[in-house]
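In: Show me the folded form of this:
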Amino acid sequence: MFSRRSPSDDALAKVVSGQRGLPFTYAAVGATRGELPSGYHHDRRSVTLGPDEGDRFERASRALARWGPQRGAGLRVYPADPVAEGLTFALVIRLPVAGVMTAAGRVVYVTDTPTEFGFAYGTLPGHPEEGEEAFVVARADGEVRFGIVAFSRPRHVLARLGAPVTRRIQVQVTDRYLEAMRSAAG
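Out: As a prediction, this is how the structure comes out:
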């Protein structure tokens with residue numbers, strides 16, 4: 001989970017394989033679609049990507065389907081497969097001081113309609129937090145918007161001990177997700 005060097009693809013493949021059959025680390029699976037559970041940090045952030053003109057919605061949706069916010073924020077996603085319901089994956093996050101953190105998750109649901117594209121992923125035992133995060137590109141009122149809805153709390157002892165720092169990292173990464181999608185939508 002925490003290491004000084006970025007893991008190899010082989011090491012990440014083992015992480016993903018070992019997490020694939022494991023249950024989510026929280027009970028409220030799918031809750032980012034509605035009321036968020038109590039006892040967690042709640043985050044709701046959004047940004048306008050621009051007017052709903054040309055192929056802006058499609059560009060943003062394609063970027064989201066290929067992990068654009070995560071990659072644009074400097075995270076490594078393994079495997080590089082497009083988002084799909086049930087996909088188990090690992091995120092590699094560079095830590096501010098030194099080293100990296102590997103976090104395992106699984107895509108809970110995917111939404112794909114003419115006016116909305118998005119997905120949510122939930123945490124697995126190989127993640128230092130527990131909770132769920134949803135990412136949605138939507139068109140409404142002549143605009144294309146990107147939004148994030150999340151609930152989380154520290155699960156691993158190091159995440160709990162470093163909760164103020166962990167929370168700050170979460171907020172910074174979320175800011176980078178929003179900026180990455182602004183860039184992707186052009």
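In: Distance of the residue nearest in space to the middle of the chain relative to residue 123?
Out: In the chain, the residue lying closest to the centroid (Cα atoms, centre = their mean) is residue 133, at 5.6 Å. When Cβ to Cβ, to the nearest Å is the yardstick, residue 133 and residue 123 sit 9 Å from each other. (C-beta placed from N, C-alpha, C; glycine too.)
In: again with residue 75
Out: Counting by Cβ to Cβ, the gap from residue 75 to residue 123 is 15 Å.
In: Name the residue in these two with the higher neighbour count.
Out: For residue 75 against residue 123, the residue with the higher neighbour count under other Cβ atoms under 10 Å is residue 123, and the figures read 23 against 19.
In: list the contacts for the more buried one?
Out: With contacts defined as Cβ atoms under 8 Å, 6 or more residues apart in numbering, the neighbours of residue 123 are 24-26, 103-105, 129-132, 152, 155.
In: does the closest residue to the residue nearest to the centre of the chain other than its chain neighbours sit in a helix, a strand or a coil?
Out: Closest residue to residue 133 apart from its sequence neighbours, by Cβ to Cβ, 6 or more residues apart in numbering: residue 150 at 4.0 Å. Remark: residue 150 carries the secondary structure label strand [criterion: DSSP: H, G, I helix; E, B strand; the rest coil].
In: what is the closest residue in space to residue 84 that isn't next to it in sequence paired to in the beta sheet?
Out: The shortest distance from residue 84 to any residue other than its chain neighbours is 6.2 Å, reached at residue 107 (Cβ to Cβ, 6+ apart). Residue 107 forms beta bridges with residue 121, as assigned by DSSP bridges.
In: what about residue 107, neighbour count?
Out: Look at residue 107: counted by other Cβ under 10 Å, it has 17 neighbours.
In: which residues of this structure fall in helices?
Out: Secondary structure of the chain, counting by DSSP state H: helices at 9-19, 56-65, 68-72, 157-161, 163-185.
In: Which residues belonging to stretch 117-132 are considered buried?
Out: Of the residues in stretch 117-132, those scored as buried under the neighbour-count criterion (16 or more other Cβ atoms under 10 Å) are 117-124, 126-132.
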